[in-house]
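1. Quick check, what structure comes out for this input:
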Amino acid sequence: MKSFLLAGAAALALATSAQADIVIHDAYARSAMATAPTGAAFMRIENTGDSDDRLVSVASDAAERVELHTHISDANGVMKMAEVEDGFAIPAHGEHALQRGGDHVMFMGLRAPFEQDAKVIVTLTFEKAGEKRVEIPVDLARTPMHGGGGAGHKNTGN
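-> Below is the predicted model of the structure:
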């Protein structure tokens, strides 16, 4: 029994350590207009740890469905959104940007409109770091910056 408890404590310590390695920067959410049935969230995900990780899923009560998405070009060069079922790699000592025109969190079937300065709660699930709850501010006025990451706001969610 003692070894079982020690093993459990060690696993919890490793998971807590891995979760601390993931830092969310510059998060914001938006919809195209007040009555839009969809919205998106953007952020930079930093991995300060020594091991690669992967964002594998996202969940939120803000919408009927929440997915990890990207933009891909079809045969005619038209950009379309598509779900990324494998998630996004977050390299050790690196980061991955979720940004307009690229990878992002997609909210479909919004339960309420995204209103300026409201908060959207999401749970990001990582392969190694586990679940990370993030409170994301709605910023409908935000415009994308060069490089896509968007500067200005610095928001770290834990």
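2. and residue 63, what is it in contact with?
-> Applying C-beta atoms under 8 Å, 6 or more residues apart in numbering to residue 63 gives the contacts 38-39, 107-111. Any C-beta I mention is one placed from the backbone N, CA and C, and that applies to glycine too.
3. Which ones among the residues you listed map onto strands?
-> Counting by DSSP state E, the part of the contacts of residue 63 found in strands is 38-39, 107-110.
4. SS state for the closest residue to residue 25 other than its chain neighbours?
-> Nearest residue to residue 25, sequence neighbours excluded (C-beta to C-beta, 6 or more residues apart in numbering): residue 44, at 4.3 Å. Following DSSP: H, G, I helix; E, B strand; the rest coil, residue 44 is assigned to strand.
5. who's residue 44 bridged to?
-> residue 25, residue 97 (DSSP bridges).
6. Give the burial count for it, as a bare number.
-> By other C-beta atoms under 10 Å, the residues close to residue 44 number 19.
7. shouldn't it be in contact with residue 55?
-> No. Between residue 44 and residue 55 there is no contact under C-beta atoms under 8 Å: 11.9 Å.
8. what is in contact with those two at once?
-> Shared contacts of residue 44 and residue 55 (C-beta under 8 Å, 6+ apart): residue 96.
9. residue ranges of the strands in this protein, please?
-> In the chain, the segments counted as strands under DSSP E are 22-30, 38-47, 53-59, 63-73, 79-83, 88-90, 94-98, 104-110, 119-126, 130-137.
10. Quick check: pLDDT value at residue 157.
-> On pLDDT, residue 157 comes in at 41.
11. Over to residue 6?
-> Looking at residue 6, its pLDDT is 48.
12. 727 is where my numbering starts, stick with that
-> New numbering, starting at 727: the last item is residue 732.
13. re the thing from before, now do the same contact list for the residue nearest to residue 751.
-> Taking C-beta under 8 Å, 6+ apart, we find residue 770 in contact with 750-752, 821-824, 875.
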